[in-house]
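Participant: Quick one: sequence and predicted model below, then my questions.
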Amino acid sequence: MMIFRRAPWLVVLALVAGVACGHLTDPPLQSDAEPFVPPPAYARWWAMVEACSGISRPLANVQWFAARGVLLNPDGGGEQVGGYYSLASNRIVLAGNDTIDGSVVRHEMLHALIRVRGHPRAEFLERCGGIVACGPDCVQEAGPAPAPDAGTPTVMPVELEVTGIVSPTTPNSSTDGGLFTFTITVRNPFTHPVIALLRSFAGTTPRSYPYDVQGVSGGSGGAHLAFDSGVTYFLAGETKRDVVDLAVAPNGFPAFRALPGQGGEGFALSPGTYTFRGGYGDHLAEIIGVVVSQ
Ligand SMILES: [Zn+2]
């Protein structure tokens, strides 16, 4: 059974809008922000963002800081943010609760790679869409999706090819500190562009990518939401993907809870056997079996 625990992309909507990009000096560090050494998973996340953006730079040149607790937008306004990037000293500052929150960290990594002010649609929603977080504020700043050609056929999600893959295939705590990804891919098999119809209930934002994880001790899941209409438009043969970040739970850690730093979306799985199922709209992919080991 699907348990839609929360709408995860809502929690990152406060991601700050390209703060301080282009400034000659960094905004002042919050007093409780401390430098930290990037954990091993960052190398994989950096490589993911290099691959989708097509831009390469040394990860080692980025300075990392984390606040102990909440992080406030250094440009003022007082709102909480998951993180921000500052070009002046190539610095990423994260909220304490988001230091291993994959989609938030990769969002800031993308800023550090493209070094362009704001949230360009081409990068945050097209090339790296689904790999980096881009909540409503980010989508709004990216601007509206281009209007599809009149007469573009509409299709139901069931007409698209939907698959899921866990990486590494056998998650374990000695690989990337136990952080792993579940990637849902959806491909347009037609030789022409299509618009997929995502069902929306009572005026709510439609679910784009639902996901569900079940084990002997219970289950959890959620869904990413289609804040951007671009998620429904597919070029001929185009494949889109969406990444869900998960973790191996340390011994004694409660099942299906988020590790400290994992943010509002992810959760950790104790060693055991699980079924994973992703989807696009109401088209659910085949169930895959995954063994999580310590
Ligand atoms: Zn941003």
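Facilitator: Right, received. Where do you want to start?
Participant: pretty sure residue 289 contacts residue 275?
Facilitator: Yes: in this structure, residue 289 is within contact of residue 275 by Cβ atoms under 8 Å, at 5.9 Å. C-beta: built from backbone N, CA, C; applies to glycine.
Participant: Of these two, which one has the most company?
Facilitator: residue 275 (13 against 9; other Cβ atoms under 10 Å).
Participant: Check which helices and strands the one helix or strand the more buried one maps to sits against.
Facilitator: For residue 275, the element it lies in under DSSP states H and E is strand 272-280. Here strand 272-280 touches strand 161-167, strand 179-187, strand 207-215, strand 288-292, going by 3 or more Cβ pairs under 8 Å, 6 or more residues apart in numbering; DSSP states H and E.
Participant: in a helix, that's where residue 105 is, yeah?
Facilitator: Yes: counting by DSSP: H, G, I helix; E, B strand; the rest coil, residue 105 is part of a helix.
Participant: Identify each of the helices in the stretch 51-200 of the chain and give its residue range.
Facilitator: Taking DSSP state H, counting those that start in this stretch as the test, the helices found in the stretch 51-200 of the chain are 102-114, 121, 136-142.
Participant: Output the ones you listed in CSV, with mean neighbour count appended to each entry.
Facilitator: As requested, the helices of the stretch 51-200 of the chain are arranged in CSV below (neighbours: other Cβ atoms under 10 Å):
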stretch, mean neighbour count
helix 102-114, 26
helix 121, 21
helix 136-142, 19
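Participant: which one of those lies closest to residue 181?
Facilitator: helix 102-114 (6.9 Å; Cβ to Cβ).
Participant: quick one: stretch 169-185 to chain centroid distance?
Facilitator: Taking Cα atoms, centre = their mean, to the nearest Å, one finds stretch 169-185 lying 14 Å from the centre of the chain it belongs to.
Participant: And that stretch, end to end?
Facilitator: Its first and final residues considered, stretch 169-185 spans 16 Å by Cα to Cα, to the nearest Å.
Participant: next one: stretch 210-222
Facilitator: Start-to-end, stretch 210-222 (Cα to Cα) is 6 Å.
Participant: Please point out which parts of that stretch sit buried.
Facilitator: Buried residues in stretch 210-222, counted by 16 or more other Cβ atoms under 10 Å: 210-215, 219-222.
Participant: still on that earlier bit, now the angle from the strand holding residue 275 to strand 161-167?
Facilitator: Strand 272-280 runs at 140 degrees relative to strand 161-167, counting by axes from the mean of the first three to the mean of the last three Cα atoms, to 10 degrees.
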